[in-house]
Every structure is written in structure tokens, then in C-alpha cells.
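>>> Got a predicted structure plus its sequence, pasted below:
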Amino acid sequence: MRKQIAAANWKMNLSVSEAETLLDQILATEHHLAANQEAIFAVPSIYISLAIQKLAGKNNVYVAAQNCYSKSNGAFTGEISAPMYASVGVKHIVLGHSERREYFGESDAFLAEKTDAVLAIGSTPIFCCGEPLSIREAGSQNSFVETQLKNSLFHLSEEQITKVVIAYEPIWAIGTGKTATSEQAQEIHAYIRSVMASKYGQSIADQISILYGGSVKAANAKEIFSQPDVDGGLVGGASLIATEFAAIINALK
Ligand code: PEP
């Protein structure tokens with residue numbers, strides 16, 4: 001059975017003491033993870049070791065990186081590689097968030113290289129895709145997202161693709177308070193699964209977790225996650241509030 005995942009994306013927020021407080025607050029909340037469910041915290045790199053220490057021993061709870069470089073090591077000042085993250089205990093790396101694509105010019109081809117780097121060390125890429133508002137308004141979201149998936153993931157083997165988590169995040173819904181309706185989310189998630197099935201077959205496509213991202217909060221998580229092809233969420237703003245994120249974890253199916 002594919003995993004149901006609540007993934008927090010803290011982005012570039014919080015001081016170290018704020019990060020510690022938030023982790024303590026989350027640990028103090030009532031939240032439950034079944035065997036097929038995971039909570040993942042993509043914290044700023046500088047807080048990864050702290051978060052790993054704080055969350056040690058918690059079943060199905062992981063700390064993720066928000067990005068990595070495509071090369072393993074070398075003269076790439078300021079970058080952090082997938083093997084470096086693995087060496088401190090990171091098992092998941094978010095790739096291709098729309099903010100990285102937009103502000104740092106990350107292309108589909110570069111993201112294909114990063115995906116290879118993450119898989120090469122046995123970690124899980126949380127691969128983000130999603131369309132801007134103009135594409136949604138033109139009704140071209142399916143082909144836009146399909147191209148992102150084909151360009152960055154279709155070179156992977158069957159074994160590799162089952163290790164990838166896909167996060168569909170319509171850019172117009174990220175940090176805007178606008179959420180895709182649960183019908184809109186289901187429609188494009190089903191389409192994404194059909195794209196994966198066309199390349200890898202239905203049984204492999206059925207094993208891939210596809211998360212929704214875009215203004216998920218406690219108040220809408222249950223309805224969005226109840227859709228058959230929505231396997232949880234990648235959550236920005238609401239993941240910075242312990243009670244909100246705990247409720248989002250508890251909304252997993
Ligand atoms: C995100 O950063 O991936 C995201 C979905 O943000 P928000 O939940 O704030 O829209």
C-alpha cells in the first residue's frame with residue numbers, strides 16, 4: 001500500500017530557538033501515525049541535526065532537506081550534497097519546489113540530475129510539480145505538469161520511480177490562502193497517476209504517493225486528503241503552527 005504523508009516545509013523561517021520551540025510544541029500535540037503514514041519535516045538545513053535529535057525514536061517521523069545539489073562533493077561553495085544530507089540521517093529531500101524553480105532558475109533537466117543524486121544514495125526525492133495561474137486559466141495544467149514529470153522523472157527505472165514521492169503544488173495556491181478544490185486536486189492527481197501509469201504501468205503508478213500542496217490547513221486537510229488519489233500534503237505556512245500541523249497529520253487517511 002502506498003504511504004500517506006504529511007510533509008512540513010518550513011522554508012526559510014525561524015531562528016534556532018523558535019525551531020526548537022516549534023518541535024517541542026509539535027511533540028506535545030496529540031497526533032497519531034498509522035503504519036502506512038509518515039510525518040516529514042523539511043526544515044532549514046542548519047536545523048537538520050537539531051530536528052533529528054529532537055525527533056529521534058519517533059516512529060514514522062523523518063527530517064528532510066528542502067533542496068540539495070546535484071554533485072556529490074567538490075568546489076561548489078555554499079552547496080550541500082545528497083550524500084552529505086544522508087550522512088547526518090536525512091532520508092528525504094524536497095526537489096523542484098516552485099520557489100526553487102522560480103527564484104533559482106532550476107530547470108527540469110537540472111532536477112533530473114538532482115533526482116538521480118538523491119536516489120543514488122538511497123534517499124527519497126519529494127519531487128514538486130505544478131502550474132502557474134496563467135496555465136491554469138488557459139486550462140493547460142495537465143500537459144504542463146506532464147512535461148515536468150516526463151522531463152525530470154521518465155529516465156528512471158521502475159525500481160527507482162517507486163521510491164519517488166510526487167508533490168503536486170499549483171503555484172497559484174502556494175502561500176496565497178487559495179486552495180484547489182478537492183475536486184480540482186483529485187482531477188489532476190488522477191491525471192498525474194495516469195501519466196506515471198502510461199510509462200511504468202498501473203501497479204507501479206498505484207504505489208507512488210502523490211501529495212497535494214497549496215494552502216493546506218487544519219480546516220481543509222481532511223477533505224482534500226479524502227480524495228482517492230491524494231496521499232497527503234506538503235504544507236508550508238500551516239506547518240509553522242504546531243496545532244495546525246498536528247491536525248493535518250491526524251487528517252491523513
Ligand atoms: C509549500 O511551501 O510547499 C506550500 C504548499 O506552502 P503553503 O502551504 O503555505 O501554501
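Perfect, thanks for sending it.
>>> Surely Leu105 is in a helix?
For residue 105 the amino acid is Gly, not Leu. No: per DSSP: H, G, I helix; E, B strand; the rest coil, Gly105 lies outside any helix segment and is coil.
>>> Count the residues that sit near it.
8 (other Cβ atoms under 10 Å). The way it works is simple: take the backbone N, C-alpha and C, and place the C-beta from them, glycine included.
>>> now it: how far from Leu111?
Distance of Gly105 to Leu111, computed by Cβ to Cβ, to the nearest Å: 11 Å.
>>> Same check on Ala238?
26 Å.
>>> swap in Glu137?
25 Å.
>>> Looking at those two, which is more packed in?
Neighbour comparison, Glu137 and Leu111: the larger count goes to Leu111, with 23 against 11 (by other Cβ under 10 Å).
>>> Wait, that one touches Val94, no?
No: if you go by Cβ atoms under 8 Å, Leu111 and Val94 don't touch, sitting 11.1 Å apart.
>>> Please tell me how far Gln25 sits from Lys253.
Where Lys253 is concerned, Gln25 sits at a distance of 25 Å (Cβ to Cβ).
>>> Equivalent analysis for Ala6, please.
Distance of Ala6 to Lys253, given as Cβ to Cβ: 11 Å.
>>> which of these two has more neighbours?
Higher neighbour count among Ala6 and Lys253: Ala6, with 28 against 14, using other Cβ under 10 Å.
>>> What values do phi and psi take at the nearest residue to the more buried one once chain neighbours are set aside?
Leaving aside its sequence neighbours, Ala6 sits nearest to Ile249 (Cβ to Cβ, 6 or more residues apart in numbering; 4.6 Å). When read as degrees, to the nearest 10, the backbone of Ile249 gives phi -60, psi -50.
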